[in-house]
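S.K.: quick one, what's the 3D model for this:
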Amino acid sequence: MSADIGELSGLGLLTWVYRPGLVDRVVAACGRGEQRRRLLPARLVVYFVLALALFSPAPYLEVMRHLVEGLRGQGLLGEWHIPAKSSLFRARQRLGSEPLRVLFATTVKPMGTEATPGCFWRGLRLLAVDGTCWDVADSPANEAAFGRPGNSRGQDKSSFPQVRMACLVEAGTHLVLDAELAGCRTGEVTLVSRLPRSCGPGELVLADREFLGVPLWRAFTAANSRPPPSPRPSPTARRPQPPPEPALPVPASVTLTATRSRPR
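M.R.: From the prediction side, this is the model:
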C-alpha cells in the first residue's frame, strides 16, 4: 500500500463502516470513556488507530490531518487543532487494545456471496487457516512479550522480536474473520486450535499439511464445520511396502563329495 496520503479515504468512510454510536458503546463497555473533554476524545482515537492499521507507512500527523480534513472543510472543527505527536502516543496508550478487539469481534462477518468467485464450493463457504510472523520494534518490552527467533549462526538471535499470528480467512474475499497473536515461540498449530470458535455449520475449512492432528480435527468438528481434509502424500514420498509372503518349504536333495587337495 502506498504511503501517499492522497490515497487515504478520510474519516467519512470509517464512520460509515463503524458507526459513531457503536464506537461510543464499545469504548464505554471497555471503560475507556473520558471523564472530561479532551483534545483527543476516545472515539476519534479509535478511528485514528484504524487508519494507522490501514496505512501504516504514513506518518502519525499526516494520517490525523487527513482524517479531519473533511470536517475542517465543512466548518465542523471550530477551534480544534491537530495535537502534537506525543499527545497522539499518550492517547493510544490511554485507549489500549481492548476497544479495538471488541469492535472487531462485534462487527466482523463473512461478506462473500454465492456469486463471489472462490467463496463457495458445492454450497459450503470456503474458509482457510494459516499463520505468519512479522518484526516489531526492537525494545525490551517487545522482547519480553514476544521473544526473538534464533538464526543459523549458532547462539545468536534475530535482530528484532517477532509476533506470530494465525488467522481464519474467508477464501474468496481474503477477509480476516478471527485471529490469534502470540510470541514467536508459540507454534502455529497451537494458535489455530483456538480459531474454531469462529466457525459454524455450512463451512469448509482449508489448511496446508502442517495443520494435522486429531485434537485439531475434533476442535473444528465440534464447531459443526468441515475440518481440514487430510493432505495427499507427496509424489516423491516413499510408499509403504506390503509385508513379505511367508516362505514355503521346497523338497530338495544335496550330495556332498570330498576331494583331496594338493599341498601348497
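S.K.: verify the stated contact: residue 181 with residue 145.
M.R.: No - counting by Cβ atoms under 8 Å, residue 181 sits too far from residue 145 to count as a contact (10.3 Å). Bear in mind the C-beta positions are built from the backbone N, C-alpha and C, glycine included.
S.K.: how many other residues sit next to residue 130?
M.R.: Here the number of neighbours of residue 130 (other Cβ atoms under 10 Å) works out to 16.
S.K.: now the one 4 residues further on
M.R.: Using other Cβ under 10 Å, the number of residues around residue 134 comes to 10.
S.K.: excluding its backbone neighbours, what's nearest it?
M.R.: residue 163 (6.0 Å; Cβ to Cβ, 6 or more residues apart in numbering).
S.K.: and the one you found, that's in a strand?
M.R.: Yes - counting by DSSP: H, G, I helix; E, B strand; the rest coil, residue 163 is found in a strand.
S.K.: local confidence estimate at it?
M.R.: Listed pLDDT for residue 163 reads 93.
S.K.: the chain should start at 39 in everything you say after this.
M.R.: In the new count, where the first residue is 39, that last one comes out as residue 201.
S.K.: that one reaches residue 219, doesn't it?
M.R.: Yes - assessed by Cβ under 8 Å, residue 201 is found in contact with residue 219 at 5.8 Å.
S.K.: give me the more crowded residue out of these two.
M.R.: A count of neighbours by other Cβ under 10 Å puts residue 201 above the other of residue 201 and residue 219, at 18 against 12.
S.K.: helix or strand: which one has the residue nearest the centre of the chain?
M.R.: The residue lying closest to the centre of the chain (Cα atoms, centre = their mean) is residue 205, at 3.3 Å. Using DSSP states H and E, residue 205 sits in strand 200-208.
S.K.: quick revisit: how about the nearest residue to the residue nearest to the centre of the chain, chain neighbours excluded?
M.R.: Using Cβ to Cβ, 6+ apart, the nearest residue to residue 205 is residue 217, at 4.3 Å.
S.K.: what does the host helix or strand of that neighbour contact?
M.R.: Using DSSP H and E, residue 217 sits within strand 214-221. Strand 214-221 has contacts (Cβ atoms under 8 Å, 6 or more residues apart in numbering) with 146-148, 165, 183-185, 199-208, 228-230, 232-233, 235-236.
S.K.: same question for the next helix or strand after it, mean pLDDT?
M.R.: Using DSSP H and E, the helix or strand that follows strand 214-221 towards the C-terminus is helix 226-230. Per-region confidence: helix 226-230 scores 90 on mean pLDDT.
S.K.: got the buried residues for helix 226-230?
M.R.: Using 16 or more other Cβ atoms under 10 Å as the burial criterion, the residues of helix 226-230 that qualify are 226, 227, 229, 230.
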